[in-house]
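**Student:** 3D, please:
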Amino acid sequence: MHPKSLIVALVALLSACCVEASLKRFIVVFKSPPTIESVKSQIAPWGGNIVHAFTLIPAVTIELPASLSHWLKTIKDVDYVEEDEGVHALVDGESEEKGYVEADIL
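**Tutor:** Alright, predicted model coming up:
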């Protein structure tokens with residue numbers, strides 16, 4: 001194999017590995033409150049870690065390789081899973097300027 005071809009192949013392989021290992025955050029809501037240790041023991045072998053444990057709801061935010069997100073729903077007692085995304089709020093007066101509709105939050 002030509003040295004240039006080998007270098008190109010190695011760069012492509014390393015790029016694929018880095019993309020595969022990229023972590024995403026997910027909120028995992030359970031049917032009943034889990035112990036943090038039980039969640040850790042289930043996600044650690046897959047490269048996951050707990051970022052935040054909620055106190056008012058039985059849920060945790062975890063980081064996990066993006067390619068394994070489908071696996072989260074198979075964890076015992078999981079009610080649902082959603083990707084952790086940013087939430088934005090409007091300051092009074094911004095809604096008309098940006099075309100948003102005002103609404104009261106109950």
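**Student:** only C-alpha atoms from now on, for both contacts and neighbour counts.
**Tutor:** Will do.
**Student:** just name the shakiest helix or strand of the protein by mean pLDDT.
**Tutor:** helix 3-20 (a mean of 48; mean pLDDT, DSSP states H and E).
**Student:** what strands line up against the following helix or strand past that helix, and which way round?
**Tutor:** Next helix or strand after helix 3-20 toward the C-terminus (DSSP states H and E): strand 23-30. The strands beside strand 23-30 in its sheet (DSSP bridges) come out as strand 59-65 (antiparallel), strand 78-83 (antiparallel).
**Student:** then strand 23-30 to CSV, C-alphas only?
**Tutor:** C-alpha atoms of strand 23-30 as CSV (Å, rounded to 0.1, in the frame of the first residue of the first chain):
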residue,chain,number,x,y,z
LEU,A,23,-21.4,12.1,23.6
LYS,A,24,-24.9,13.3,23.7
ARG,A,25,-27.1,14.2,26.7
PHE,A,26,-30.4,12.5,27.4
ILE,A,27,-33.0,12.9,30.0
VAL,A,28,-34.1,9.5,31.3
VAL,A,29,-37.4,9.4,33.2
PHE,A,30,-38.1,6.3,35.3
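**Student:** done for today, thanks.
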